[in-house]
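# Here is a sequence with its predicted model. Questions after.
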Amino acid sequence: MDDEARRARVGQLVEALNARDMEWFDALYDDDVVIHWPQSGEVIRGKKNIRELREAYPTPPTATLRRIVGRGDLWAIEADFDYDGDRFHVIVIHQYRNGLVVSETSYYAAPFEAPAWRARWVESAPSSTSN
């Protein structure tokens, strides 16, 4: 798969997540995929386990894609996840082998108000955390 096709495929991740399209994820992952969630210290091994976890998830997020970067076998997305009003900025990193994701690492950061002392040097971003 060339980089343009891979970028398109990676871009579909948010749509699949919002639709809870488990078949799409089944086609994305290697059977032995390892998923890392560093903030909680969790590792999920295997496509079967991640599917069952996602199906059981009590409040799946609504995701909004912000950016895709990558080439070859290493890709990342920036997205915003909203869990019923609890918002997180998320980075998802995919490592591919033979066209399938073999490793996924997701980092979650909650938005926060910028401290006033920095105001002299910064400006609010269009998608600032205060929105």
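Nice, thanks for sending it over.
# CA only for contacts and neighbour counts going forward, please
OK.
# The residue positioned nearest the centre of the chain bridge partners, please.
With distances taken as CA atoms, centre = their mean, the residue of the chain nearest its centroid is residue 92 (3.7 Å). Following DSSP bridges, residue 92 is listed with bridge partners residue 77, residue 106.
# Could you tell me the model confidence score at it?
pLDDT, residue 92: 97.
# Can you name the residues that contact it?
76-78, 104-107 (CA atoms under 8 Å, 6 or more residues apart in numbering).
# outside of the lowest-mean-pLDDT helix or strand in the chain, which residues touch it?
Among the helices and strands of the chain, helix 3-19 carries the lowest confidence by mean pLDDT, DSSP states H and E, at a mean of 91. Residues outside helix 3-19 that contact it (CA under 8 Å, 6+ apart): 22, 24-25, 61-65, 68-72, 75, 77.
# The residue nearest to the centre of the chain and residue 43, how far apart?
14 Å (CA to CA, to the nearest Å).
# Out of the contacts of helix 3-19, which end up buried?
By neighbour count, with 16 or more other CA atoms under 10 Å, the contacts of helix 3-19 hold 22, 25, 61-65, 68, 75, 77 as buried.
# Can you lay out those as a markdown table showing pLDDT and distance to residue 39?
Shown next, in a markdown table, are the buried ones among the contacts of helix 3-19 (pLDDT from 0 to 100; distance: CA to CA, whole Å):
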| residue | pLDDT | distance to residue 39 |
| --- | --- | --- |
| 22 | 93 | 24 |
| 25 | 93 | 22 |
| 61 | 94 | 17 |
| 62 | 95 | 20 |
| 63 | 95 | 19 |
| 64 | 96 | 21 |
| 65 | 96 | 21 |
| 68 | 96 | 22 |
| 75 | 96 | 20 |
| 77 | 96 | 17 |
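# Residue 89 versus residue 115, what's the distance?
Separation of residue 115 from residue 89 (CA to CA) stands at 18 Å.
# which of those two has more neighbours?
When residue 115 and residue 89 are compared for neighbours, residue 89 comes out ahead with 18 against 7, by other CA atoms under 10 Å.
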